[in-house]
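In: Below are the sequence and a predicted model for it; my questions follow.
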Amino acid sequence: MADDVLILGHRLSEWTGHAPVLEEELALANIALDLIGQARSLYSYAGTLTSHTEDQLAYLRDAPAWRNCLMMELPNGDFAFSIARLVLVSAFTDPLWRASITSTDGTIAAIAAKAEKETAYHLRHAAEWLIRLGDGTAESHRRAQNALANLWPYTGELFTDIAGDTGIVARPMSLRDTWNATIDGILARATLERPSDGWMQSGGRSGRHTEHLGHLLAEMQFLQRSYPGATW
Amino acid sequence: MVVATALRERALAALENVTDPEIPVLTISDLGILRDVSVHDDTVEVTITPTYSGCPAMNMITLDIQTALARAGIKARVLTRLSPAWTTDWLTDAGRSKLAAFGIAPPEHTASRRALFGEAHPACPHCGSADTELISEFGSTACKSLHRCRACREPFDAFKCH
């Protein structure tokens, strides 16, 4: 979960300075900040269990050690692609956090209680954009539909169960119906067609990544790799 | 025991000067993030609860707490407690009044979804009119959204219900 939100947060942060309008600039940067914050909480907690610091987990792991879904690491593409991805992911993470509020693990429950409100807000924001793009001009509709077609083969991986699952969070598969209903509702309002489920890409959950993750890590980890232990 | 109580009182007084770096009218107790102050031998242990997951002010607040206590000659340790999760319900009434006076619409008293999702519009902190509109769901910091008053035409920030 931490890898998912950090990598997606990093991708969103790349929009800083490039968003189509000022309000969206603020929105994407704020969402990125929420996601990176959620990742920090999870890494700090994971670190107490494995004697690592959050920085070691974020900055000193090579691509095969990352467990994020492949969808998170794909390059941003155009605005429609980034928004469609945010919708597809948030519609999954929102119910995941919600189910985790009642986790038997108190720390996970506390992180989830905060993250769920944030994610619900992200989902609504991104969905409004997707509806506007889909139901907007012929060009925005075409781009939104294209984005969905390109992202769809990566949605299956969201629902694969995670190796070493200890039952402290909901099983991803159990969220599928909720996700379907959310996505179908948004796509109907956006006048976009739901792509058909075909071959699904996977590998991220077991550390087999696309070539994009290495480039992302090269940028994100540069400082700690070049100046080990640097702080400010 | 008397010494411990006196030390705690001194620490609390020093902490009264620690404010949110982004909303400097609010102290950390106004914000509701100061959860506990206790004395262990000669060290004061301050427990805070973070606000929004990604709030960059939290590191700064931790540093400010340490500085304020060091200035008062107090040895301190700052702990972060995640559970129970902070909500805007913890903002004190004094904090809410200070926010409004500062030009930021305070959050509704119950951190409801309706309020978070902007279905209930905040009253204008400048003229008090309820006739306001949302400009942007995301504002200058993680905790604020941007609004405009239709009556006095002034734009204003609102503290998001959380």
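Out: Noted; the coordinates are in hand. Because the structure is a prediction, the values reported are computed rather than measured. Numbers count the residues shown, from 1 in each chain, chains lettered A, B, ... in the order given.
In: What residues does the most centrally placed residue in chain B make contact with?
Out: Centrality entry for chain B: nearest residue to the mean C-alpha point is B:Leu31, 2.6 Å, by C-alpha atoms, centre = their mean. Residues counted as contacts of B:Leu31 (C-beta atoms under 8 Å, 6 or more residues apart in numbering or on different chains) are B:20, B:51, B:90-91, B:95. From N, CA and C alone the C-beta is placed, and that goes for glycine too.
In: Could I get the full set of helices for chain B?
Out: If DSSP state H is used as the criterion, the helices of chain B fall at B:2-15, B:28-31, B:57-71, B:93-102, B:113-116.
In: and the third one, what does it pack onto?
Out: Applying 3 or more C-beta pairs under 8 Å, 6 or more residues apart in numbering or on different chains; DSSP states H and E, one finds that helix B:57-71 makes contact with helix B:2-15, strand B:43-48, strand B:75-80.
In: Need the winner for burial among those.
Out: Burial among these, expressed as mean neighbours by mean count of other C-beta atoms under 10 Å in any protein chain shown, is greatest for strand B:43-48, which shows a mean of 19.
In: Could you check how far the residue in chain A positioned nearest to chain B is from A:Gly203?
Out: The minimum distance from chain A to chain B, using C-beta to the nearest C-beta, falls at A:Gly37 (2.8 Å). Using C-beta to C-beta, to the nearest Å, one gets 27 Å for the distance from A:Gly37 to A:Gly203.
In: higher neighbour count, the two?
Out: Taking A:Gly37 and A:Gly203 together and counting by other C-beta atoms under 10 Å in any protein chain shown, A:Gly37 has the greater number of neighbours (26 against 13).
In: Give me the nearest residue to that one, chain neighbours excluded.
Out: Nearest-residue entry for A:Gly37: B:Gly54, 2.8 Å, with adjacent residues in sequence omitted and distances by C-beta to C-beta, 6 or more residues apart in numbering or on different chains.
In: And for B:Lys98?
Out: The shortest distance from B:Lys98 to any residue other than its chain neighbours is 4.6 Å, reached at B:Val25 (C-beta to C-beta, 6+ apart).
In: A:Arg11 now?
Out: Nearest residue to A:Arg11 in three dimensions, chain neighbours excluded: A:Asn76, at 5.8 Å (C-beta to C-beta, 6+ apart).
In: hang on, the one you found is in a strand, isn't it?
Out: No - with DSSP: H, G, I helix; E, B strand; the rest coil as the criterion, A:Asn76 is assigned coil and is not in a strand.
In: Show me what from chain A comes close to chain B.
Out: When proximity is defined as C-beta under 8 Å from any C-beta of the partner chain, chain A approaches chain B at A:23, A:26-27, A:29-38, A:40-41, A:106-107, A:109-111, A:113-115, A:117-118, A:120-121, A:124-125.
In: What residues does B:Phe156 make contact with?
Out: By C-beta under 8 Å, 6+ apart, the contact list for B:Phe156 reads B:103-105, B:124-126, B:132, B:146-149.
In: Please list which of the residues you listed also come close to chain A.
Out: Contacts with chain A within the contacts of B:Phe156, as defined by C-beta under 8 Å from any C-beta: B:Leu146.
In: Tell me how many other residues crowd residue 148.
Out: Here I'm looking at chain A. For A:Leu148, the tally of surrounding residues (other C-beta under 10 Å) stands at 25.
In: that's the wrong chain, I meant chain B
Out: B:Arg148 has 15 neighbouring residues, counting by other C-beta under 10 Å.
In: hang on, the earlier thing: out of the contacts of B:Phe156, who's nearest chain A?
Out: B:Leu146 (7.6 Å).
In: Am I right that that closest one is in contact with B:Glu154?
Out: No - using C-beta atoms under 8 Å, B:Leu146 is not in contact with B:Glu154; the gap is 11.8 Å.
In: closest point of chain B to chain A, which residue?
Out: Checking chain B residue by residue against chain A with C-beta to the nearest C-beta singles out B:Gly54 as nearest, at 2.8 Å.
In: can you pull the contacts of that residue?
Out: With contacts taken as C-beta under 8 Å, 6+ apart, B:Gly54 has the following neighbours: A:30, A:32-38, A:40, B:142.
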